[in-house]
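Participant: Predicted structure and sequence below. I'll ask about it afterward.
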Amino acid sequence: GWMHTARFLTTAAQLHQLPTVEVPEIAFVGRSNAGKSSCINTLTQQKQLAFASKKPGRTQHINLFSLGRQNLTDAVLADLPGYGYAAVSRSDKMRWQQVMVNYLVHRESLTGIVLLCDPRLGITGLDEALLEVVRPRVEDGLKFLVLLTKADKLTRAEQTKALSIARLQTGGGEVRMFSALKKQGVDEAALLLWQWAHP
Ligand code: GDP
């Protein structure tokens, strides 16, 4: 139940507005509609936690949640805004891209990234651009997990195929199936994140 201890810490529109964090920070990223909020809510068993990030005015924010018993925060979960949403203006997209790249490149406490992808879209150009941005840090030890969401929409055979394609695209990184609806892959993902935070 480590992930169930998640509680809202803070929200910020810019990297420099985020508090300095002395514990491992794990960021959740992905295209808008990839299933990121559902995934965070399922992992933390808190129905509304990540949907707080979808409130008007907060969609372009980085939202931080503390993990750990009582006041002993031993990790931080960062929910980054979904990208690729068509209805966002070009200038907003550019501004957000800058915040995101800034965070991914410079956030010191960042030790792991969870990339959420809808397997019916696969790893898109935007996801690949993000992977490219973090590649130097991954080579430097940053942990990386791709969760293919909405597994319940795929047959077993389709899941196997989606996994192998994603593994090829990410160069042999950690890739797992996940379903918030059917609670598939939840314990496995939670265990992996716990291990990241407790090396
Ligand atoms: P976000 O924009 O990445 O935060 O995505 P959401 O969590 O809001 O999910 C986007 C849509 O996908 C919503 O309609 C969800 O109900 C749906 N969805 C998310 N996770 C699952 C899942 O595991 N199974 C199915 N069938 N639908 C899901």
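Facilitator: Cool, got the structure.

Participant: biggest strand in the protein by residues?
Facilitator: strand 110-117 (DSSP state E).

Participant: Can you point out the buried residues in that one?
Facilitator: L110, T111, G112, I113, V114, L115, L116, C117 (16 or more other Cβ atoms under 10 Å). C-beta here means a position set from N, CA and C on the backbone, and glycine is covered the same way.

Participant: how about the strands in the protein?
Facilitator: 7-12, 25-30, 62-67, 75-79, 110-117, 143-148, 174-177.

Participant: Quick one: the ones you listed as TSV, columns for mean pLDDT and distance to W194 too.
Facilitator: Listed next are the strands of the chain as TSV, based on pLDDT from 0 to 100; distance: least, Cβ to Cβ, whole Å:
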stretch	mean pLDDT	distance to W194
strand 7-12	93	17
strand 25-30	97	10
strand 62-67	95	9
strand 75-79	97	8
strand 110-117	98	11
strand 143-148	97	12
strand 174-177	96	14
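
Participant: can you redo those strands as JSON lines with distance to P199?
Facilitator: Shown next, in JSON lines, are those (distance: least, Cβ to Cβ, whole Å):
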{"stretch": "strand 7-12", "distance to P199": "22"}
{"stretch": "strand 25-30", "distance to P199": "12"}
{"stretch": "strand 62-67", "distance to P199": "15"}
{"stretch": "strand 75-79", "distance to P199": "11"}
{"stretch": "strand 110-117", "distance to P199": "8"}
{"stretch": "strand 143-148", "distance to P199": "9"}
{"stretch": "strand 174-177", "distance to P199": "15"}
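
Participant: is it possible to export the ones you listed to a markdown table including distance to the ligand?
Facilitator: Conversion of the strands of the chain to a markdown table gives the following (distance: least, Cβ to the nearest ligand atom, whole Å):
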| stretch | distance to the ligand |
| --- | --- |
| strand 7-12 | 15 |
| strand 25-30 | 6 |
| strand 62-67 | 12 |
| strand 75-79 | 9 |
| strand 110-117 | 6 |
| strand 143-148 | 10 |
| strand 174-177 | 10 |
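
Participant: hey, what's the residue nearest to the spatial centre of the chain bridged with?
Facilitator: In the chain, the residue lying closest to the centroid (Cα atoms, centre = their mean) is F28, at 1.4 Å. Taking DSSP bridges as the rule, F28 bridges to D79, V114.

Participant: ok now do it, which residues does it touch?
Facilitator: When the contact criterion is Cβ atoms under 8 Å, 6 or more residues apart in numbering, the partners of F28 are K36, C39, I40, A50, L77, A78, D79, L80, V114, L116.

Participant: Could you find the closest non-adjacent residue to the third one?
Facilitator: The spatially closest residue to I40, leaving aside those adjacent along the chain, is A50, at 3.7 Å (Cβ to Cβ, 6 or more residues apart in numbering).

Participant: what's the spacing between that neighbour and K36?
Facilitator: Counting by Cβ to Cβ, to the nearest Å, the gap from A50 to K36 is 7 Å.
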